[in-house]
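K.L.:
quick one, structure for this:
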Amino acid sequence: MGVQSPARPPSGNDAAVGDVGEQELIRRYRTARRDRRLAVLEGFHALKHALRFGAEVVEAVASEPRRLDELARELAPDLAGSLAERVAAVGPEVLAELVPQAPRTGVVAIARRPEVDPGAALADPRPASIVLLEDPRTMANMGACVRVAAAADAAAVLTTGPNDPWHPDALRGAAGLHFALPVAAIESLPESDRPLVAIDPGGEDLRPAELPLQAILAFGTERHGLSDALLARADARLGIPMRAGVSSLNLATAVAAVLSTMLARALKLPEFYWAPISTIVILLSPSDPFTLAWQRFAGTALGATVGALIATFFPTNWVVYGAGILLCGILSAILRLGGAYRFAAITLSIILLIAHTAPPGIVAYHRFVEVSLGVAVALVVTRVWRLPSPK
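P.N.:
Now for the predicted structure:
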């Protein structure tokens, strides 16, 4: 892992680049955006993830190199003290010429794309799924899917169609997490021992317990879905259950829901379906997703704690149950949790009203972890669209 020096040794204290040097720098970055051997990294997080996962960074420039170390101390301690000396200083006006939208963190870089062997990814023996995106149309969606797949420790992300999954816009949406797992464009899906599962609205209801952990999860476009050829080749066709009148999920939402399900299953959580439920509720809610995520997280924690204590020390009857709901409301008001009260009441109801074989404390812990996992996956996706410019 490291940064190769550009034409001249980079330094956080470099003088301004001359006119000729500026034009050459601009040419290199604009050419790199079209070069399928290179990846343009826009923003601190993209550079951070690239370095963290072993990318070969060819050059990097920043408008305030010393500020990068401040960000690293706050957000990436493993890189603290080393970023400023790895980048060349350029003026903000030059940085704005290098990429279509200059990142607010003031840093861009060029890295070499890793060589990806789709056959090797398909042969990965780990109990991890591969995400197949058939002919994706939107770069932001591709980036979001890569980001979710990396968070869920998927074996790879493969795409078909003309769009490059390593396009700078997709890289920005994924915050550079392309380097965390194999990501490649393929002409068609090679044969493998992995079962091919088509995620299709016309398929049978998704039953996560029956989903193979090594499956290839195929997702189509939001408008047209999967092709007839891929559907015919699939070993199974599964759909995500939705309420009447809802035609489809956003591609990233569908990928997030399935991967949060499989991640919860891999962690052997007994009622793993609460993870995708939480993911879908947050992503499809008209409310601010960050506010809703906080309310669901805090409310679940409060409801799980109160429910576990009540179930441990008191018999469950309507008086105890009503007192528990009231207590959740009082504590939510004291702690100023606002809308989190309804999630606390839901969690408490699940713990007290549904028969469980495990002790109350274990049940409460499982509900909290399952919901938190779904919330975390939803936030990974939400962050891509909530930030119009890279950080």
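
K.L.:
give me the neighbour count for Phe368.
P.N.:
Neighbour count of Phe368, defined by other Cβ atoms under 10 Å: 20. Where you see a C-beta, it was placed from the backbone N, CA and C, and this is true even at glycine.

K.L.:
okay, strands next: where are they in the stretch 151-300 of the chain?
P.N.:
156-159, 183-185, 196-205, 216-219, 236-239 (DSSP state E, counting those that start in this stretch).

K.L.:
just put the ones you listed in CSV and tack on distance to Trp318, mean pLDDT and mean neighbour count.
P.N.:
CSV is the format used below for the strands of the stretch 151-300 of the chain (distance: least, Cβ to Cβ, whole Å; pLDDT from 0 to 100; neighbours: other Cβ atoms under 10 Å):
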stretch, distance to Trp318, mean pLDDT, mean neighbour count
strand 156-159, 50, 96, 24
strand 183-185, 54, 96, 21
strand 196-205, 34, 79, 18
strand 216-219, 44, 93, 24
strand 236-239, 38, 82, 18
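
K.L.:
can you redo those strands as a markdown table with distance to Glu24?
P.N.:
Formatted as a markdown table, the strands of the stretch 151-300 of the chain follow (distance: least, Cβ to Cβ, whole Å):
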| stretch | distance to Glu24 |
| --- | --- |
| strand 156-159 | 33 |
| strand 183-185 | 30 |
| strand 196-205 | 46 |
| strand 216-219 | 41 |
| strand 236-239 | 52 |
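
K.L.:
closest one to Arg172 among those strands?
P.N.:
Taking Cβ to Cβ, strand 183-185 is the member of these nearest to Arg172, at 14.0 Å.

K.L.:
tell me what the closest one is packed against?
P.N.:
For strand 183-185, the packing partners by 3 or more Cβ pairs under 8 Å, 6 or more residues apart in numbering; DSSP states H and E come out as strand 156-159.

K.L.:
who touches Ser227 in this structure?
P.N.:
By Cβ atoms under 8 Å, 6 or more residues apart in numbering, the contact set of Ser227 is 134-135, 220.

K.L.:
give me the pLDDT value at Thr291.
P.N.:
Note on Thr291: pLDDT of 84.

K.L.:
for the stretch 201-350 of the chain, which spans come out with low pLDDT?
P.N.:
203, 205-210, 222, 240-250, 284, 286 (pLDDT under 70).

K.L.:
ok, the residue located most distally from the centre of the chain to Leu133 distance?
P.N.:
Largest separation from the mean C-alpha position in the chain: Val319, at 42.8 Å (Cα atoms, centre = their mean). In this structure, Val319 and Leu133 are 53 Å apart, going by Cβ to Cβ, to the nearest Å.

K.L.:
which positions in the host helix or strand of Val381 come out as buried?
P.N.:
Using DSSP states H and E, Val381 maps to helix 360-386. For helix 360-386, burial by neighbour count (16 or more other Cβ atoms under 10 Å) applies to 360-361, 363-364, 366-384.

K.L.:
do you have the helices of the chain handy? List them.
P.N.:
Here the chain has its helices, by DSSP state H, at 19-32, 44-52, 65-75, 92-98, 118-122, 139-151, 168-174, 228-233, 251-266, 274-284, 289-313, 318-334, 340-353, 360-386.

K.L.:
by contact count, what packs against the fifth one?
P.N.:
What that stands for is helix 118-122. By 3+ Cβ pairs under 8 Å, 6+ apart, helix 118-122 packs against strand 156-159.

K.L.:
next one: the last one
P.N.:
Packed against helix 360-386 by the contact rule (3+ Cβ pairs under 8 Å, 6+ apart) you find helix 139-151, helix 251-266, helix 274-284, helix 289-313, helix 340-353.

K.L.:
CSV please, covering these and showing mean neighbour count and distance to His49.
P.N.:
Putting the helices and strands packed on helix 360-386 into CSV (neighbours: other Cβ atoms under 10 Å; distance: least, Cβ to Cβ, whole Å) gives the following:
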stretch, mean neighbour count, distance to His49
helix 139-151, 25, 8
helix 251-266, 25, 18
helix 274-284, 24, 22
helix 289-313, 21, 21
helix 340-353, 22, 31
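
K.L.:
now render the ones you listed as TSV, adding distance to Arg86.
P.N.:
As requested, those are exported to TSV (distance: least, Cβ to Cβ, whole Å):
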stretch	distance to Arg86
helix 139-151	23
helix 251-266	32
helix 274-284	36
helix 289-313	32
helix 340-353	43
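
K.L.:
adding distance to Val197, write the helices of the chain out as TSV.
P.N.:
TSV is the format used below for those (distance: least, Cβ to Cβ, whole Å):
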stretch	distance to Val197
helix 19-32	36
helix 44-52	28
helix 65-75	36
helix 92-98	41
helix 118-122	14
helix 139-151	15
helix 168-174	23
helix 228-233	11
helix 251-266	9
helix 274-284	15
helix 289-313	27
helix 318-334	39
helix 340-353	29
helix 360-386	19
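
K.L.:
closest to Ala109 out of those?
P.N.:
Of the helices of the chain, nearest to Ala109 by Cβ to Cβ is helix 44-52, at 5.1 Å.

K.L.:
so that closest one versus helix 360-386, what angle?
P.N.:
Angle, helix 44-52 to helix 360-386, by axes from the mean of the first three to the mean of the last three Cα atoms, to 10 degrees: 110 degrees.

K.L.:
counting neighbours, what do you get for Ala232?
P.N.:
Neighbours of Ala232 using other Cβ under 10 Å come to 9.

K.L.:
meant to ask about Val116, not that
P.N.:
Val116 has 20 neighbouring residues, counting by other Cβ under 10 Å.

K.L.:
now do the residue most central in space within the chain against Ser129, distance only.
P.N.:
The residue lying closest to the centre of the chain (Cα atoms, centre = their mean) is Val148, at 2.8 Å. As for Val148, its distance to Ser129 is 12 Å (criterion: Cβ to Cβ).
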